[in-house]
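> Compute the structure for the input listed below.
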Amino acid sequence: MAYSTTNPFSGEVLKTFPDATDDEVRGAIAKAHEAFLSWKEIGFGERAAILQKAADLLRAESDGLSALLTLEMGKVTAEAKAEVELSAQIIEYYVRNAEALLAPEELPVLDPAEGKAKVVHEPLGVLLAIEPWNFPYYQIARILAPQLSAGNTMLLKHASNVPQSAAAFEDLMTRAGLPEGCFTNLYATRSQIELIINDPRVHGVALTGSEGAGATVAALAGKALKKSTLELGGNDAFVVLADADLKKTVDWAVFGRHWNGGQVCVSSKRMIIVDEVYDAFLKDYTKGVAGLIAGDPSDPKTTLAPLSTQEAADNVKAMIRKAVEHGATATEVGPKVPTKGAFVQPTILTNVGEDNPARYWEFFGPVSMLFRAKDEDDAVRIANDTPFGLGGSVFTSDIKHGEEIAYRISTGMVFVNHPTMVKADLPFGGIRRSGYGRELIGLGLKEFVNHKLIGVADIDAAF
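Got it, this is the predicted structure:
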């Protein structure tokens, strides 16, 4: 699979790592299973102390950890530091809340005279996490923190272009006091993913990635009768109503589409603007995008990062060309991006007709699709005309009406007057081709536990 660190700005290959051997993978599974047998018996207080230490280390070592994100996938410095902090916040959420969220639940039985019943939430065992490169630490934290809190143990197969970030998180957890085997980073191959999923000691798999990867992993998990969760692509609608505060809306649109270089599943990829304000929005949005500064991601002045790899940049450029071939208008915006590095010129696509397949694609880079809606009903129709269903947003001066529109948009998350938000105390996940299952808060905590019923019956009353 060629695990390696390649600087997206310089193109230099800095370090390579050998793939794991099958014996190493089998050994890691065995250690994870043995670790589970003892970890599941450890009290919440001891688990929480280790996780809190991990959060403390993330903050104490933020400069070095964030620099690694910039080095491996090109994240600008400010966003890299924000990711480290978000990861710490996610871990702390479970430090504070996991025990209460996993408390046994007494059930309101129909006839208390016949006995009582409760549901307890028990860990399943070893889990596999398959994670992408765009948020190397956050993606780990949002599966690791809840599942370790629940008493499960984890194997990590991270993206091949962020091997040092994966190793750094494993090292951090070890230094926080996590017992050996509770969390293991593996430079696994695709064939070894099947080996792991098929092992009877492994009880589930969580994947964040592409539709293709999700379909493959879900099929493997289904054949093995293992639980899976999938967080896949998105094509988030950014709906602008006639009464929206245009300046605030445009500012959020520029940010919502271009943070992390536009390489976010919940980026505001489709701007859907009602006719009354479309022309004004397009003018101001174009000006806002033109103000982005592309350059060295380690330079504090840079606001537009290179893409994660040159291959990723080439793929986005090819998608733009295909969209134009099918009738779209592509307008390049702003100063020319550097020729050095995996950059894509910020591009606005208009006239993307309903017969244009690009209308239903996910552009993972600084490409915006703008749609003119006849009215609010048409805006909702366009928003729902997608195979995805991850996030979305509605902008209006009437909050109550914004909520009404949000109810009509078919997706996993909708925000009023803010692009799709990622926070430690909010659930994350989607529907349709954006996947299934939820991460974060109590929903994510309980994805991989056994909800076991314990009933205590009065035998005489029962008969």
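> Tell me where the model's unsure across the chain.
1, 459-463 (pLDDT under 70).
> how would you label residue 230: helix, strand or coil?
strand (DSSP: H, G, I helix; E, B strand; the rest coil).
> OK, contacts around it?
Residue 230 makes contact with 207, 208, 214, 217, 218, 435, 436, 437, according to CB atoms under 8 Å, 6 or more residues apart in numbering. All C-beta atoms are positioned from the backbone trio N, CA, C, and that covers glycine.
> C-terminal to the lengthiest helix in the chain, what's the next element?
Across the chain, the longest stretch assigned as helix under DSSP state H is helix 77-101. Downstream of helix 77-101, the first helix or strand assigned by DSSP states H and E is strand 105-106.
> quick one: strands adjacent to the following helix or strand past that following strand?
Next along the chain after strand 105-106, taking DSSP H and E as the criterion, comes strand 115-123. Paired strands of strand 115-123, with direction, are strand 105-106 (antiparallel), strand 449-457 (antiparallel) (DSSP bridges).
> element containing residue 206?
strand 202-208.
> would TSV of the strands paired with strand 115-123 with mean neighbour count be doable?
Formatted as TSV, these follow (neighbours: other CB atoms under 10 Å):
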stretch	mean neighbour count
strand 105-106	10
strand 449-457	12
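> Could you work out which of the ones you listed reaches nearest to residue 137?
Minimum separation from residue 137 across the strands paired with strand 115-123 (CB to CB) falls at strand 449-457, 24.2 Å.
> got the angle for that closest one vs strand 202-208?
Put simply, strand 449-457 runs at 130 degrees to strand 202-208, going by axes from the mean of the first three to the mean of the last three CA atoms, to 10 degrees.
> end to end, how far does stretch 237-251 reach?
End-to-end distance for stretch 237-251, by CA to CA, to the nearest Å: 16 Å.
> tell me how far that stretch is from the chain's mean position?
Put simply, stretch 237-251 sits 25 Å off its chain's centre (CA atoms, centre = their mean, to the nearest Å).
> residues of that stretch that come out buried?
Residues of stretch 237-251 classed as buried: 237, 238, 239, 240, 241, 244, 246, 249, 250 (neighbour count, 16 or more other CB atoms under 10 Å).
> need the contact list for the second one.
By CB under 8 Å, 6+ apart, the contact set of residue 238 is 253, 256, 257, 268, 269, 270, 271, 272, 392, 393, 395, 419.
> what's the burial count for the fifth one?
Counted with other CB atoms under 10 Å, the neighbours of residue 269 add up to 28.
> Identify the residues contacting the nearest residue to it once chain neighbours are set aside.
Spatial nearest neighbour of residue 269, chain neighbours left out: residue 235 (5.1 Å); criterion: CB to CB, 6 or more residues apart in numbering. Applying CB under 8 Å, 6+ apart, we find residue 235 in contact with 269, 270, 360, 361, 362, 386, 387, 388, 390.
> where does residue 235 sit relative to residue 264, distance-wise?
Distance, residue 235 to residue 264, using CB to CB, to the nearest Å: 12 Å.
> what do you get for residue 220?
27 Å.
> And residue 25, by the same measure?
Separation of residue 25 from residue 264 (CB to CB) stands at 31 Å.
> got it, and residue 405?
Distance from residue 405 to residue 264, by CB to CB: 23 Å.
> Using the three-state scheme, assign residue 288.
Following three-state DSSP, the label given to residue 288 is helix.
> Surely it touches residue 253?
Yes. At 7.3 Å, residue 288 counts as touching residue 253 under the criterion of CB atoms under 8 Å.
> Same drill for those two, tell me which one is more crowded.
Using other CB under 10 Å as the criterion, residue 288 and residue 253 rank with residue 253 on top: 25 against 20.
> which residues touch the closest residue to residue 122 other than its chain neighbours?
Nearest residue to residue 122 in three dimensions, chain neighbours excluded: residue 450, at 4.6 Å (CB to CB, 6+ apart). By CB under 8 Å, 6+ apart, residue 450 lies in contact with 121, 122, 123, 124.
> what about the last one, neighbour count?
What that stands for is residue 124. 21.
> Then residue 357?
Neighbours around residue 357, by other CB under 10 Å: 10.
> From what I see, it and residue 326 are in contact.
Yes. Under the criterion of CB under 8 Å, residue 357 is in contact with residue 326, at a separation of 6.3 Å.
> returning to that earlier point: the strand holding residue 206: how far from the chain's middle?
On CA atoms, centre = their mean, the centre of strand 202-208 falls 15 Å from that of its chain.
> about what we covered before: wait, which of the contacts of residue 238 is closest to residue 343?
Taking those together and measuring to residue 343 by CB to CB, the closest member is residue 257, at 15.7 Å.
> Give me the phi and psi angles of the closest one.
phi -90, psi -30 (degrees, to the nearest 10).
> Which residue, other than its chain neighbours, is closest to residue 39?
Nearest to residue 39 is residue 182, by CB to CB, 6+ apart, at 5.4 Å.
> For that neighbour, grab phi and psi.
Residue torsions, per degrees, to the nearest 10, at residue 182 are phi -70, psi -30.
> how near is it to residue 50?
To residue 50, residue 182 is 9 Å away according to CB to CB.
> of the two, who's got more company?
Per other CB under 10 Å, whichever of residue 182 and residue 50 has more neighbours is residue 182, with 25 against 18.
> which ones are touching the more buried one?
32, 35, 36, 39, 148, 153, 154, 173.
> All good on my end, thank you.
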